[in-house]
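*Asks:* Here is my input, please return the structure:
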Amino acid sequence: MLDEFLAVKDARISFGRGNAQVHVLRGVSVSFEQCTLSLVMGPSGSGKTTLLSLLGCLLSPDQGKVFVDGALVNGLNENGKTELRRNKIGFVFQAFRLLHSLSAIDNVALGLEIRNGKQPDQTAAARDLLGQFGLAEKADHEPNDLSPGEKQRVAVARALAGNPPILLADEPTASLDATAGKNICQILRNQVEQNGKTVVVVSHDPRWQEYADRTIILGDGQIQQETTAVGA
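*Replies:* Modelled structure (predicted):
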């Protein structure tokens, strides 16, 4: 039986029409257990980012069901999807997507404000998050003054602001060197083990496999292979 905490069931989605129509997902059913890190791999065009967008309530399937934190997303209106996304999901992207006019601490504080509304202690909470990732001394730096690895750590801190149970990461190490990339892998692994997060990573980066509880290979819009880590 499909675990409905975080899942898609018989999800089908296409883009374009007629001869130009592309079937991006072709009846995909997959669930992600709580407190695990799942890695989704596959060639470009295999449907990885589309699957992540369904889980993140950013896209709706043409057919099939999507569950987030046990809720059936298909039954929600746009306001309901926005609320679910805001309260339950943190996003990490390859391109960081930080606001360059704001300092690191203000980027993280904005994440807190979006989830919880403006709070008197949000700056202190943002500083604490940055400190957890070794960025206490960089809290007042703007993104252009940070290295790529530091930017991604700020982005992870922002994604975790407000303590969402689910973290979705799209190619989070693609722009990073070996050391910074390994650091991000370990940070997200720690979120599973220490804080009980459910993490789904889409990546071409093979380094993630040693940190993942399960690896899912997509190809041509379908699941081609699933492997579970020993001891997971």
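
*Asks:* Could you pull up the mean pLDDT of the lengthiest helix in the chain?
*Replies:* Longest helix in the chain by number of residues, with DSSP state H as the criterion: helix 178-195. Over the span of helix 178-195, the pLDDT mean works out to 95.

*Asks:* Quick one: work out the angle between the following helix or strand past it and helix 178-195.
*Replies:* Tracing the chain C-terminally past helix 178-195 and defining elements by DSSP states H and E, one meets strand 198-202 next. In terms of direction (axes from the mean of the first three to the mean of the last three CA atoms, to 10 degrees), strand 198-202 departs from helix 178-195 by 150 degrees.

*Asks:* partners of the next helix or strand after strand 198-202 in the sheet?
*Replies:* Tracing the chain past strand 198-202, the next element assigned as helix or strand by DSSP H and E is strand 214-219. The strands beside strand 214-219 in its sheet (DSSP bridges) come out as strand 37-41 (parallel), strand 222-228 (antiparallel).

*Asks:* Please convert these to CSV, extending it with mean neighbour count.
*Replies:* Where C-beta positions appear, they are placed from N, C-alpha and C, glycine not excepted. Conversion of the strands paired with strand 214-219 to CSV gives the following (neighbours: other CB atoms under 10 Å):
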stretch, mean neighbour count
strand 37-41, 25
strand 222-228, 13
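
*Asks:* For residue 203, find the nearest of the ones you listed.
*Replies:* Put simply, out of the strands paired with strand 214-219 the one that sits nearest residue 203 is strand 37-41, at 6.5 Å, with distance taken as CB to CB.

*Asks:* Other residues contacting stretch 106-117?
*Replies:* 86-87, 98-99, 102, 119, 122-123, 125-126, 129-130, 143, 154, 157-159, 161-162, 164 (CB atoms under 8 Å, 6 or more residues apart in numbering).
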